[in-house]
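Novice: kindly generate the corresponding structure for this input.
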Amino acid sequence: MIITFKEKIQRFIAGITFDRAYRYIKKNPADNIIKLIDLGQKLMGSDFPVKNYDSFREAVRDPSNVWNRFAMSVIDECDGDYLRKMLLALGIGAGINGTKTVRKNREKYHCNIPFLILLDPTSACNMNCKGCWSAEYGHKSNLTLDEMRSIVNQGTALGTHVYMMTGGEPLVRKDDILTLCRENPNCMFLCYTNATLIDEKFCEEMKKLGNLTVAVSVEGDMASNDMRRGPGAYEKSIRAIDLMHSYGLIFGISVCYTSANIPMVTSDEFLDLMVEKGVKFAFYFNYMPVGKNAVVDLIPKPDQRAFMYSWLKKVRDTHSGKPMFFMDFQDDAEYVGGCIAGGRNYFHINSEGDMEPCVFIHFSDSNIKNKTLLEGLQSPLFMAYYHNQPFNDNHLRPCPMLENPEYIRQIVNQTKALSTDLVEKESVEELTAKTEQFAADWKPVADKLWEENKHPDPKTQYYRDTPEAKSGK
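Specialist: As a prediction, this is how the structure comes out:
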């Protein structure tokens, strides 16, 4: 990606500002952060509510405040140069320039334009985790480095500056991933990884680049983790976590919660250990029964989903929570206005180049080898997402596959999208047959939770709110 002169100036000024502020804060964190908040309030005036600044000050003054503890852990444990480069990629690249361009292009092209793209550099994986479709895919499917370059170049032109990589095990291709990071300093990259290929050399490269982080797949203690991921997986994950912590890197964990492991992956023992080992964020995923060999019994039961919803609020509580950033892609849908797939905030490209609305929706009508990203986003399949989102006004029921299976059946059949499973094709009827019962059982529980709780206003404009949709044209 070519960085414009304006972006270079932005990065230069922001970098100097960060270095000065960071050195100032390091001298006396508690007092000096307060002074910077006061200065920020004077400079920004009424751009942000006064209560926001008061909340920031209150958090800094209270050592027991979770966000105070989180901020201090970042200051104490993370390498300053690495942190600066990451904030430049996220703040200038994705936050300022990316967001503006994404919004402009959504209006220009009348389709979803994503904030991030998830892609699979390879189908290859050195593990065989129970319930994971990638374990069945084999090692022959790969995106070339030039294909990945094209994805990033096209994406950044549309405004997309965040790229997440899964697979397979993406670090099978770590040299090419490092090349992409090196060539695109204004973009942020994240790899979901089993961590077995993280070594000293890779940590040194991560630290040098500053725009790459990882989410390590780890699910509870050794017994809970290795039950799904195989003997020795837990020890390898912890070894990689300790290594990254010693290098002052920012990294997180990726947790697939199932009907079998929820007690362990939400336990204080597990979370406190992760905090102690320097984990700064945790991405939680509801198990999805994708692929013909999916284990339906692993789908969390309705009472377990209700527990996850309340647990999420508990771990984020200002005083009783954990000093870590948590996200649950199912139960956080209320903060983003429902399903974020289909390019609304993200979409997925598999190792064959198929553009899929979601990493869990293995159907496509476009491939990057014969269509541009924009053409794919304007394809019948992606436009069906654009026209139908949100799939439910109760954002505790966001997914068109898990909670509203009638939608994904309708969309796939109407657009004639094809199964992209790399081993054994699965019809949309076969897929939704595995989710119908959960959807029916979850509905009354979710509706009750929705009625009884307050919910944020994500200020999202859907297609149905546009003049075009209202006019019926």
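Novice: quick check on Asn112: phi, psi?
Specialist: Backbone geometry at Asn112, expressed as degrees, to the nearest 10, gives phi -70, psi 130.
Novice: need the helices for the stretch 1-150 of the chain, in chain order.
Specialist: For the stretch 1-150 of the chain, applying DSSP state H, counting those that start in this stretch gives helices covering 5-27, 29-44, 50-61, 66-77, 80-88, 99-109, 145-158.
Novice: what's the weakest-modelled helix or strand in the protein?
Specialist: The element with the least model confidence among the helices and strands of the chain, by mean pLDDT, DSSP states H and E, is helix 222-229, at a mean of 64.
Novice: what's the neighbour count on Ala94?
Specialist: 21 (other CB atoms under 10 Å). Quick note: C-beta positions are derived from backbone N, CA and C, even for glycine.
Novice: how about low-confidence regions in the stretch 101-250 of the chain?
Specialist: 126-139, 220-230 (pLDDT under 70).
Novice: go again with 50.
Specialist: Within the stretch 101-250 of the chain, the segments meeting pLDDT under 50 span 133.
Novice: could you show me where the strands are in it, in order?
Specialist: For the stretch 101-250 of the chain, applying DSSP state E, counting those that start in this stretch gives strands covering 116-119, 162-165, 188-193, 212-217.
Novice: going by mean pLDDT, which of the helices of the stretch 1-150 of the chain comes out lowest?
Specialist: Of all the helices of the stretch 1-150 of the chain, helix 29-44 carries the lowest average pLDDT, namely a mean of 75.
Novice: what's it packed up against?
Specialist: helix 5-27, helix 50-61, helix 66-77 (3 or more CB pairs under 8 Å, 6 or more residues apart in numbering; DSSP states H and E).
Novice: format those as JSON lines; extra columns: distance to Lys371 and mean neighbour count.
Specialist: Formatted as JSON lines, those follow (distance: least, CB to CB, whole Å; neighbours: other CB atoms under 10 Å):
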{"stretch": "helix 5-27", "distance to Lys371": "28", "mean neighbour count": "13"}
{"stretch": "helix 50-61", "distance to Lys371": "43", "mean neighbour count": "14"}
{"stretch": "helix 66-77", "distance to Lys371": "41", "mean neighbour count": "17"}
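Novice: picking that back up, of all the strands of the stretch 101-250 of the chain, which lies closest to Ala306?
Specialist: Evaluated over those, closeness to Ala306 peaks at strand 212-217, with 25.1 Å, by CB to CB.
Novice: let's see the closest one as PDB, backbone CA atoms only.
Specialist: C-alpha atoms of strand 212-217 as PDB (Å, rounded to 0.1, in the frame of the first residue of the first chain):
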ATOM      1  CA  LEU A 212       0.600  -7.400  14.100                       C
ATOM      2  CA  THR A 213      -1.000  -9.100  17.000                       C
ATOM      3  CA  VAL A 214      -2.300 -12.600  17.700                       C
ATOM      4  CA  ALA A 215      -5.200 -14.200  19.400                       C
ATOM      5  CA  VAL A 216      -4.100 -17.600  20.900                       C
ATOM      6  CA  SER A 217      -6.700 -20.400  20.900                       C
END
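Novice: how far off helix 80-88 does that strand point, in degrees?
Specialist: Calculated by axes from the mean of the first three to the mean of the last three CA atoms, to 10 degrees, strand 212-217 forms an angle of 90 degrees with helix 80-88.
Novice: and strand 212-217, what does it pack against?
Specialist: Here strand 212-217 touches helix 174-183, strand 188-193, helix 200-209, helix 233-246, strand 252-257, going by 3+ CB pairs under 8 Å, 6+ apart.
Novice: one step back: nearest to Asp447, of the strands of the stretch 101-250 of the chain?
Specialist: strand 116-119 (30.2 Å).
Novice: quick one: residues in contact with the closest one.
Specialist: 143, 148, 151, 155, 160, 162-166, 345-350, 359 (CB atoms under 8 Å, 6 or more residues apart in numbering).
Novice: try 7 Å this time
Specialist: 143, 148, 151, 155, 160, 162-166, 345-349, 359 (CB atoms under 7 Å, 6 or more residues apart in numbering).
Novice: and it, which strands flank it?
Specialist: As defined by DSSP bridges, the strand partners of strand 116-119 come to strand 162-165 (parallel), strand 346-349 (parallel).
Novice: need the helices and strands packed on strand 212-217 in CSV with distance to Trp442 and mean neighbour count, can you?
Specialist: Formatted as CSV, these follow (distance: least, CB to CB, whole Å; neighbours: other CB under 10 Å):
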stretch, distance to Trp442, mean neighbour count
helix 174-183, 37, 18
strand 188-193, 26, 24
helix 200-209, 39, 16
helix 233-246, 30, 18
strand 252-257, 15, 23
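Novice: dump those to a markdown table, plus distance to Ala341.
Specialist: Listed next are the helices and strands packed on strand 212-217 as a markdown table, based on distance: least, CB to CB, whole Å:
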| stretch | distance to Ala341 |
| --- | --- |
| helix 174-183 | 23 |
| strand 188-193 | 16 |
| helix 200-209 | 28 |
| helix 233-246 | 28 |
| strand 252-257 | 17 |
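Novice: among the ones you listed, which is nearest Thr466?
Specialist: strand 188-193 (29.7 Å).
Novice: relative to Glu235, which of the helices and strands packed on helix 29-44 is closest?
Specialist: Using CB to CB, the helices and strands packed on helix 29-44 put helix 66-77 closest to Glu235, at 22.4 Å.
Novice: ok, back up a step: looking at the helices and strands packed on strand 212-217, spot the one closest to Tyr462.
Specialist: Judging the helices and strands packed on strand 212-217 by CB to CB, what sits closest to Tyr462 is strand 188-193, at 26.6 Å.
Novice: appreciated, that's everything.
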